[in-house]
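Chemist: only the shape, not the letters, is given here:
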């Protein structure tokens, strides 16, 4: 007997507005951490920056305590793909690439986003990797519109990455629904055929998050039970935004401008709610 599909949560306009408030906290924190990231700064220092932004905003962290996770951010350096635990002993070095993932809650509603930050001057292939990953995220967000199918996003992300170079698209991990919980249905792979899965409906909110490597797509989890690394030691990039699906267009809730600039470059108009 086949199991029933997971129910996807639909939000009201007021709930989407609260998610936007959470998304702006996430945007401010990620911007502050990007500014703070430099040689000699520890990943725990970045966690402290995020805690400060949360305190100022009166918001709650999404990650801290989630299944026992011990920090406010995930900080994944070089060959660490996702879920790296911040540490006072881990100092950033010139040429590193650190992926910072962060979530915040406002009145019970979540925002979630991630950026990859170059520390000083990185190798050209590393810079290209991060740029390809970020571009694929925006190309996926551009098709996250009412009436599309879920795997249209997956296909757009994969097509973008394939068009940028020979990269590994991390297997198994991907984006997710988000709302009153950080991780909700549906799961969104970063590869696959278009035209499959549930139809995107106004009120959905999705976190789109490609993870791309310079080598193999294969990963493994370290003994800490969290940190995911590439099995071949190749470096990885990770970018993420939360988007709301509205009747008249998307609204990227974790982007300061709502996604206006990047989506306009792709011929997509934002929902009027983003005005």
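Modeler: Received the coordinates, thanks. Predicted model, so just to flag it, every value in this text is computed and none were measured. Numbers count the residues shown, from 1 in each chain.

Chemist: work out for me the element the residue lying closest to residue 155 once chain neighbours are set aside sits within.
Modeler: Beyond its immediate neighbours in the sequence, the residue positioned closest to residue 155 (C-beta to C-beta, 6 or more residues apart in numbering) is residue 194, lying 3.9 Å away. (Each C-beta comes from the backbone N, C-alpha and C, glycine too.) In this assignment (DSSP states H and E), residue 194 forms part of neither any helix nor any strand.

Chemist: spatially central residue for the protein, please.
Modeler: residue 240 (2.0 Å; C-alpha atoms, centre = their mean).

Chemist: ok, how many other residues are close to the residue nearest to residue 155?
Modeler: As a burial measure, the neighbour count of residue 194 was computed by other C-beta atoms under 10 Å and equals 17.

Chemist: beta partners of the residue nearest to the centre of the chain?
Modeler: The residues listed as beta-bridge partners of residue 240 by DSSP bridges are residue 114.

Chemist: distance of it relative to residue 188?
Modeler: Taking C-beta to C-beta, to the nearest Å as the criterion, residue 240 is separated from residue 188 by 11 Å.

Chemist: contacting residues for residue 102?
Modeler: The neighbourhood of residue 102, defined by C-beta atoms under 8 Å, 6 or more residues apart in numbering, consists of 26, 29-30, 33, 50, 62-63, 72-74, 112-114.

Chemist: recalculate using a threshold of 7 Å.
Modeler: By C-beta atoms under 7 Å, 6 or more residues apart in numbering, residue 102 lies in contact with 26, 29, 30, 50, 73, 113.

Chemist: and for residue 132?
Modeler: Taking C-beta under 7 Å, 6+ apart as the criterion, residue 132 is in contact with 161, 164, 165, 167, 212.

Chemist: from what I can see the fourth one touches residue 212, true?
Modeler: Yes - A contact is recorded between residue 167 and residue 212 when judged using C-beta atoms under 7 Å, the distance being 4.8 Å.
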